[in-house]
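> Model the following, please.
(chains A, B, C and D)
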There are 2 protein chains.
Amino acid sequence: MARASDSAYARLRSEILSWHLEPGTVLAEVELSSRLGISRTPVREALARLVADGLAEPQGGRGLVVTAVSVENVTELFELRQALEQQAAALAASRRDVAVFRALQDELREVPALLATADPSKQAYYDLVARFDDAVDAAVQNPFLVGALNGVRIHLARMRRLSHDNPARLLEAAREHLLIVDAIVDGDVRLAADATRVHLYRSLQSTLGSLRSETTLTPAAQSSVDEPAAAQPAAAQPAAAEPATAEPATAEPATAQSITESAEQKDVPAR
Amino acid sequence: MARASDSAYARLRSEILSWHLEPGTVLAEVELSSRLGISRTPVREALARLVADGLAEPQGGRGLVVTAVSVENVTELFELRQALEQQAAALAASRRDVAVFRALQDELREVPALLATADPSKQAYYDLVARFDDAVDAAVQNPFLVGALNGVRIHLARMRRLSHDNPARLLEAAREHLLIVDAIVDGDVRLAADATRVHLYRSLQSTLGSLRSETTLTPAAQSSVDEPAAAQPAAAQPAAAEPATAEPATAEPATAQSITESAEQKDVPAR
DNA sequence: GATTCAATCTGTGTATACATTGATTGAACT
DNA sequence: AGTTCAATCAATGTATACACAGATTGAATC
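Numbers count the residues shown, from 1 in each chain, chains lettered A, B, ... in the order given. Here you go, the predicted model:
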């Protein structure tokens, strides 16, 4: 039988990533222990792991809340993601098992046909991307790097619910992935890193564009959940002069508002 | 009053980083609770945080042990560190507060005089490097990236005890740091990243060289602590063909043996 | 009627008792 | 003498009880 703390962690994490538990939701030990049918001890352990993942954070020194997600968070996360995935792609290109990535080439070339099928969830496509990630993880053979990548992917999974990828974007992304895999098969370290950078740049642009259109559509639903002042006093410095060289993955200044699922506006405690 | 779990975590982490608790040491809850004078509950919380940090890991599904440190770990950690610090330096160059890094320029130029003093611990030098790290963290303004960097620094602190920096290397490192700071002051994103890569490459080479000489001197002391088979079945793939382009931060294949402080060979349980 | 102080109460932090699982040791049988 | 099975033991996993701190609500006073 699995441990109660593991089950609780998996369930809470799933509920946070699926936006069933929205940002700002209070994670009270007693309430969770009764809801999950276990005692407070394993609940505490699960909550500690969520805090370590960055999915929950202390709320004013008393109690935990689900961490917020903002447009700024997306940009920040992509700055970290870019660093990690460029390095991972470069290392994969130098240490890969060629057969594995040749198979991925074949699969990625079939994506247009795969997306032509009537599966609205595009599950097959996302499974293929997950297999690509797994292949890269196995190729880099670096527990530290893979661990950092997994930490990023947790937050990516949560942010994915913010923007809805359109089919055209998925086709583009598949071609970008294919170029990365080509570079890895060829053992071209530089191209693998650069193609990864291109892919992430376009992916971020698509995500931000999707976010901008959605938040513009439902501007009133925001302020009901957000706190007036941001928890982290980040945006103090006015974005100093940025030379037009190899610029980091930044975009034009976006709204600092937190984002919640616009459709299902559940009863979030007033905190 | 501070929480018992926080005190326990800080103390255990300190003891692991200082090699007072060597790799492979069993972290038993009852023994720690009696040694630290607290109950098992806060001890469990502290141990969970150590596992999240990568300083402890499950031992065969029952009990926790302090994680091992090997030469391979050093190389792997630097692969992650390179990705993170290059990105951090690039972002710092585009968002920095110029005054802060001008002050660091002045301090770094005084390092030769600072190292000429008779302080054997070089504490003033390491404090300056810590201030540099803090300035970069503040400049990048990215909680995700800073969090990942802090995770790396924990392991770096532990590995620092493996190799002893000689004064000549410290002087070089200070000049390399100064170049990075110059680039940040100038807002030169590309130079900041490249100078960081240079610094880390030379730092890794120095560390590996120091390790090689030390492990060669005391080859017999190794096998008494190491387990015969490595915990992670990593080194299966025979290091595929690596084109001579922008190579990742790898070195010639080093010994896969775990490393322990050669001098103080304490009573490590036989596990 | 508003403000302040106190009491209660809710929720986290800690301790301890109980349960369960895996290991180890001893004896018995082959 | 070796092997196997069983029993005991030790350590983790879980539950619960207790302590304490902060917040909220009520009443009393100005």
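> how about the residues of the stretch 1-150 of chain A near DNA strand D?
Selection of the stretch 1-150 of chain A residues close to DNA strand D by CB under 7 Å from any atom of the strand yields A:3-6, A:38-42, A:45, A:60-62. (C-beta placed from N, C-alpha, C; glycine too.)
> pLDDT-wise, what's the bottom of the residues you listed?
Ranked by pLDDT, these bottom out at A:Gly61 (70).
> ok so, going back, out of the residues of the stretch 1-150 of chain A next to DNA strand D, which are inside helices?
A:Ala4, A:Ser5, A:Asp6, A:Arg40, A:Thr41, A:Pro42, A:Glu45 (DSSP state H).
> can you redo these as TSV with neighbour count and distance to B:Glu72?
Output for those, formatted as TSV (neighbours: other CB atoms under 10 Å in any protein chain shown; distance: CB to CB, whole Å):
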residue	neighbour count	distance to B:Glu72
A:Ala4	18	36
A:Ser5	20	31
A:Asp6	13	29
A:Arg40	13	41
A:Thr41	14	37
A:Pro42	19	35
A:Glu45	19	31
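> Where does the prediction get shaky in the stretch 151-271 of chain A?
A:214-271 (pLDDT under 70).
> Helices of that one, start to end?
A:167-186, A:189-217 (DSSP state H, counting those that start in this stretch).
> Which one, of those, ends up nearest to A:Ser14?
Among the helices of the stretch 151-271 of chain A, the nearest to A:Ser14 by CB to CB is helix A:189-217 (22.0 Å).
> how about the CA coordinates for stretch A:140-152, as PDB?
Output of stretch A:140-152 as PDB, limited to C-alpha atoms (Å, rounded to 0.1, in the frame of the first residue of the first chain):
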ATOM      1  CA  VAL A 140      22.100  14.300 -20.700                       C
ATOM      2  CA  GLN A 141      22.800  11.900 -17.800                       C
ATOM      3  CA  ASN A 142      23.000  14.700 -15.300                       C
ATOM      4  CA  PRO A 143      20.800  14.300 -12.200                       C
ATOM      5  CA  PHE A 144      21.200  17.900 -11.200                       C
ATOM      6  CA  LEU A 145      20.200  19.300 -14.500                       C
ATOM      7  CA  VAL A 146      17.300  16.900 -14.900                       C
ATOM      8  CA  GLY A 147      16.100  17.700 -11.400                       C
ATOM      9  CA  ALA A 148      16.100  21.400 -12.200                       C
ATOM     10  CA  LEU A 149      14.200  20.700 -15.500                       C
ATOM     11  CA  ASN A 150      11.600  18.800 -13.600                       C
ATOM     12  CA  GLY A 151      11.100  21.700 -11.200                       C
ATOM     13  CA  VAL A 152      10.400  23.900 -14.200                       C
END
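> so how far is it off the chain centroid?
Centroid displacement of stretch A:140-152 relative to its chain, using CA atoms, centre = their mean, to the nearest Å, is 14 Å.
> Equivalent analysis for stretch A:11-22, please.
For stretch A:11-22, the distance to the chain centre is 13 Å (CA atoms, centre = their mean).
> first vs last residue of it, how far apart are they?
Across stretch A:11-22, the straight-line distance between its terminal residues is 14 Å, by CA to CA, to the nearest Å.
> List the contacts of the residue nearest to the spatial centre of chain A.
For chain A, the residue nearest the mean C-alpha position is A:Leu156 (0.3 Å; CA atoms, centre = their mean). For A:Leu156, the contact set (CB atoms under 8 Å, 6 or more residues apart in numbering or on different chains) comprises A:Leu77, A:Arg81.
> thinking again about what came up before, which one, of the helices of the stretch 151-271 of chain A, ends up nearest to B:Val136?
Nearest to B:Val136, of these and by CB to CB, is helix A:189-217 at 21.4 Å.
> Is that closest one positioned near chain B?
Yes. Residues of helix A:189-217 are located near chain B by CB under 8 Å from any CB of the partner chain, namely A:Val189, A:Arg190, A:Ala193.
> name the element A:Ser14 belongs to?
helix A:4-17 (DSSP states H and E).
> buried sites along that helix?
A:Ala4, A:Ser5, A:Ser7, A:Ala8, A:Tyr9, A:Leu12, A:Arg13, A:Ile16, A:Leu17 (16 or more other CB atoms under 10 Å in any protein chain shown).
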